[in-house]
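Participant: Give the three-dimensional model of this entry:
(chains A and B)
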Amino acid sequence: MSKIGLIIKREYGSRVKKKSFIIMTLLGPILIAVFYASAIYMGIQESGSMQVLLLDETHLANSKDFPTSENFEFATFNGTTVDDLKNELQEKNSIDQIGLYLPGNLIKVNEAKIFFSEPLSANKQAELKETVNDFAEKLKVEKAGFDLKAYSKIQTRMNIAVIDVNTNEESITEIKSTIGFLFSIIIYVFIFMYGVQVMRGVIEEKTSRIIEVMVSSVKPFQLMMGKIVGIALVGLTQFLMWIILSSVFMLFIQGALLPDLFDPSAIASQSQDLMQSQNLMQSQELIDAGENINSTKVNDLLRALINIPWVLLVSLFIFYFLGGYLLYASLFAAVGAAVDSESDTQQFMVPITLPLVFAFVISSMAINNPGGEAIVWFSHVPFTSPIVMLVRVAMGDVAWWEILTSMFILIVSFILTTKLASKIYRIGILMYGKKVTYKELFKWLKYK
Amino acid sequence: MTDDYFALEAKGVVKTYAAHTALKNVSIAVPKQSVFGLLGPNGAGKTSLIRIINQITGPDEGNIQIDGTPLAPKHIQDIGYLPEERGLYKKMKVGEQALYLAQLKGMKKQLAKKELAMWFEKFEISDWWDKKVEELSKGMAQKVQFITTVLHKPKLLILDEPFSGFDPINTNIIKKEILKLRDEGATVILSTHNMESVEEICDDIALINKSENVLSGSVNKIKSDFSKKEYSLTFKGNVVAFANSFWGGFEILAKEQIQENVFRVQVKLMEHVKLNEFLSGIIPNCEVQSVQPIVPSMNQIFIDVVEKNAVQGNNGTEEIDDNNKINPTSNPEGNE
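Facilitator: Predicted coordinates for the structure are as follows:
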C-alpha cells in the first residue's frame, strides 16, 4: 500500500472505531425513526372517531349541520352551562371526547369554543372549525332572508393552479426549497464538523510530537492529504449509514405500525395517480394551507418528493460536500498547524467560519428567491457554492452549464487553497511555542 | 579515502530562516559503521541539520550525500530517526502503532510483525502489544519509540538524546543495542548533551556552535589534541628532591600524600619538554610508581571550545593534526 493509502487507512480506521462515531451514526437514524414513529403513532391516534359534546345555546343546530364524519360523532350535551361541560370533560379526561360550545349570540359575536382535556390535532381542529363556520353562515343566510340554495351556488372557492412553464407542472416550490435547504444544512454541518476534526487531528499530531517522526517518513503534503481524505471518507460513511439505517428503521416501523397502509408499492401507485391527476383541488389547499389542512397536503408532499430530481440532487450533494469539504479542510489543517493548542485557534477560525455562515444565510434567502442575482453569484463563488447551489438545484431552475461552471470553479479553488494551505501546514507543524500572526502566515507562504 | 567511506557527507550546508541563520556553511563527514556524536549547545543548529538530513526541510545551499549519492526521497527508508521530542499517537495501541510506523518506512506488514515480535521479546514488553500508548509510562513509551526507530534496519540511525527518560539500567540496554546495531553495519548519528555517553560510545564527533562546525574529528584524536601535557604521577621519595630534580621543565599543579613518603602529584610539562626527558630527570631522585596522562573529558572540551568561541567570536573549524597522539586513558573524568 502506498504511504498516503496507509495514512488514509489509519485516519479512517481510528475514527470509525471511535465510540463517539458509532454513537453519532446510530443516534441520527434513531432520532429520525423516533420522530417518524411518533408521527405515524399520532396519525393512528387521530384516525379514531371522537365524540363531540355539543352545548348549543342557539338551539338551532341539527344533525344535518353536524353530521357524523370519519373524525367526529356529535352528541347533545346534557348539562346547561359551560362549566358543566368543562367539568364533564375533566372528569372523563378521555382523548376521544371533546366539547363544542355554541353561544346563543353566535352570529353576532362570531365566536364559539372548543374544549379539550387531551390535545386535539391541527387537522381535526380545522375540520371542526369549518363545520362551525358553515353552520354560522347558514344561520346568517337564513336570518338575512336569502335563499340558502342560491347562496350555496354563489359561494365560491376558487382553485388556482400555479404552474411552472418549464416542467408544465404545478409549483411545489415550498416543499422543494425546504428539501434543498435541508441538504444545505447537512453540507454546512458536515463541512464544519469534519473540518474541525481535521484541525483537531493536526493539533493532536503536533502536541503529541509524533509529527516529527511522521514527516521523517512521509511528505507533509501526503500527511495532510491523507488526513483530509481519510476524514472525508468518515463523513461519507456516516452519511451513507444514516441513509441506510434510517431507511431500515423506517421500514421496520412502518411494518410494525402500519402493516398494510404503508406498503411501499401502494405508496408508489398512489403517487403515480397523484402525478397524473393534476388535481386542481390540491393547489388550492396549498394556498390556504393554514386554514384547511387535510390529507391532500400530505399528497402534495409526496408529489414534491417524487418531482425532486433525487439522483441529480444526491450526486450533487456528494460532489458539493466533497468539494466544499476539501476547500475548507485544507484551511482547517493550516490553522491546526499554525497553533499549539485548540484554544489558540480562535483568531484564525474567523475567516474560515465567516464565509460558511454567510453561505448558510444566503442559502436560506435562496428559498424565497432562488433566481435572485446575488444568489446566482454566490452559487458560483467557491466558498459559498457548496451550500447555496443545492437549494437552487432542488428548486430546479439551474441550467446545466451553470452547475458545471460552479463545479469547475470549486475544483480549481480547492486545488489552489490546498496548495497554499499545505505551505502553511508544512512550516507550522514544526513550529512550537510561538504565537503566530497573520503576517507570519503570509511569510510562510513564500518559503520555498 | 573514497566517497564510499562515508555513510553521510554534508558539504557547505547553509540554512537560513526569516530572522536568523541556523547553519552557516556546515560540513560533516560520518564514516560508515561508526557512532558519530553531533554535539553542540542548545540552539546551535543541530536539529536544523538533522531535519535537513531527514528531508523534512531542504538546505538553502550545500549538498548532502548518503553512501556517495545525493540525498533523495528513496533514502527515507534507509534512515531511522528518533527525535528529541518523543511522540506517538496516544490513543493508538502500541503494536498497531509500531506496525503503522514500520509500514510508512516501507516495511511489509508481515515482516514488520515478525521483527516487532522479536524486539518486543528482547525488551520484555510483549504484553504491551494491545495497550494504548497513553497507558504507558514515559520510559515505556521511550522503549517503544526506540524500537520503531530501528525496526526497519536503517543504514543510518539518527538518535537525538536517545537516553533521556531512561533509568541507568535501560540506558545501558539502549547503549548496548546502539553498539550492536553499529557492529551489524549501521551508522549512528548521536546528538546528545550527555558527554559521558559520547566518550563511551562515539567514534567521531562534530561540535556545532552558533550555526558552525567548530570542532570535528575522532574522539581519541580530539582528546589528545586537547590534552595539555599534564600527568598524574605517583612516587616514593622526597617531595623537595622531586621538585628540584628537573628544575624549570615542569610545574606541580597539585600534590597529595598517599602514604608515608608516597605522593601523588599532578604535573604540567613545559612546552618543549618531552615525557621521556622529564622521566629521566626525576628517576634518579625518586621511585616512580605510576604515571598517567591527564586527558581532558569531552565535557571539558565542550565547555572550553564553546566558551572560547563565545569570547573570540568565530574562527572557523579547528583543524586537528595527527601529531601528539596519545592513547586514551582509563580516566575519563580527567582528574582524580
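
Participant: Any residues of chain A in contact with chain B? List them.
Facilitator: A:1, A:3, A:6-7, A:10, A:14, A:204-205, A:208-218, A:430, A:443, A:448 (Cβ under 8 Å from any Cβ of the partner chain). Yep, even glycine has a C-beta here, placed from its N, CA and C like the rest.

Participant: Test my guess that A:R200 contacts A:T345.
Facilitator: No - A:R200 is beyond contact range of A:T345, at 9.4 Å (criterion: Cβ atoms under 8 Å).

Participant: Settle it for me: which of those two has more neighbours?
Facilitator: A:T345 (20 against 15; other Cβ atoms under 10 Å in any protein chain shown).

Participant: Phi and psi next, for the residue lying closest to A:G104 once chain neighbours are set aside.
Facilitator: Once flanking residues are discounted, A:G104 sits nearest to A:E57: 4.0 Å by Cβ to Cβ, 6 or more residues apart in numbering or on different chains. Per-residue torsions, A:E57: phi -90, psi -10 (degrees, to the nearest 10).

Participant: What about the closest residue to chain A within chain B, how many residues nearby?
Facilitator: Using Cβ to the nearest Cβ, B:G87 is the residue of chain B that sits closest to chain A, at 2.9 Å. Look at B:G87: counted by other Cβ under 10 Å, it has 19 neighbours.

Participant: What pLDDT is listed against it?
Facilitator: pLDDT for B:G87: 86.

Participant: Wait, B:I294 touches B:S224, no?
Facilitator: No - between B:I294 and B:S224 there is no contact, the gap being 11.6 Å when judged by Cβ under 8 Å.

Participant: Need the nearest residue in space to the closest residue to chain B within chain A, chain neighbours excluded.
Facilitator: Of all residues in chain A, A:R209 sits closest to chain B, with a separation of 2.9 Å (Cβ to the nearest Cβ). Leaving aside its chain neighbours, A:R209 sits nearest to B:G87 (2.9 Å; criterion: Cβ to Cβ, 6+ apart).

Participant: need the contact list for the one you found.
Facilitator: A:208-213, B:145 (Cβ atoms under 8 Å, 6 or more residues apart in numbering or on different chains).

Participant: Tabulate those residues in a markdown table, adding columns for neighbour count.
Facilitator: A markdown table is the format used below for the contacts of B:G87 (neighbours: other Cβ atoms under 10 Å in any protein chain shown):
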| residue | neighbour count |
| --- | --- |
| A:S208 | 17 |
| A:R209 | 16 |
| A:I210 | 23 |
| A:I211 | 24 |
| A:E212 | 24 |
| A:V213 | 24 |
| B:Q145 | 22 |
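
Participant: Could you work out the most separated pair of these?
Facilitator: Using Cβ to Cβ, the pair of these lying farthest apart is A:I211 and B:Q145, separated by 13.6 Å.

Participant: Now do the strands in the stretch 51-200 of chain B.
Facilitator: Along the stretch 51-200 of chain B, counting by DSSP state E, counting those that start in this stretch, strands occupy B:61-66, B:69-70, B:79-82, B:156-160, B:187-191.

Participant: In terms of residue numbering, what are the domains of chain B?
Facilitator: What automatic domain parsing lists as the domains of chain B is B:3-223, B:228-293.

Participant: Pull up the distance across the shortest one, start to finish.
Facilitator: End-to-end span of domain B:228-293 (Cα to Cα, to the nearest Å): 9 Å.

Participant: Might you calculate how far that domain sits from the centre of the chain?
Facilitator: Its chain's C-alpha centre and that of domain B:228-293 lie 33 Å apart, by Cα atoms, centre = their mean, to the nearest Å.

Participant: Likewise for the longest one?
Facilitator: On the basis of Cα atoms, centre = their mean, the separation between the geometric centre of domain B:3-223 and that of its chain is 12 Å.

Participant: Close to chain A: what parts of the stretch 51-200 of chain B are there?
Facilitator: Near chain A, when you scan the stretch 51-200 of chain B using Cβ under 8 Å from any Cβ, you find B:51, B:54-58, B:76, B:79, B:81, B:83, B:85-92, B:100-101, B:103-105, B:145, B:148.

Participant: Mind checking which of the residues you listed are buried?
Facilitator: Among those, the ones that count as buried by 16 or more other Cβ atoms under 10 Å in any protein chain shown are B:51, B:54-57, B:76, B:79, B:81, B:83, B:86-90, B:92, B:100-101, B:103-105, B:145, B:148.

Participant: residues in contact with B:L82?
Facilitator: Counted by Cβ under 8 Å, 6+ apart, B:L82 has contacts B:145-146, B:149, B:157-160, B:162.

Participant: Tell me which stretches of the stretch 1-150 of chain A form helices.
Facilitator: Using DSSP state H, counting those that start in this stretch, the helices found in the stretch 1-150 of chain A span residues A:3-16, A:19-47, A:82-92, A:106-109, A:122-144, A:148-154.

Participant: Which of those has the lowest mean pLDDT?
Facilitator: Mean pLDDT is lowest for helix A:19-47 out of these, coming in at a mean of 79.

Participant: ok so, going back, quick check: which of the helices of the stretch 1-150 of chain A is buried the most?
Facilitator: helix A:3-16 (a mean of 19; mean count of other Cβ atoms under 10 Å in any protein chain shown).
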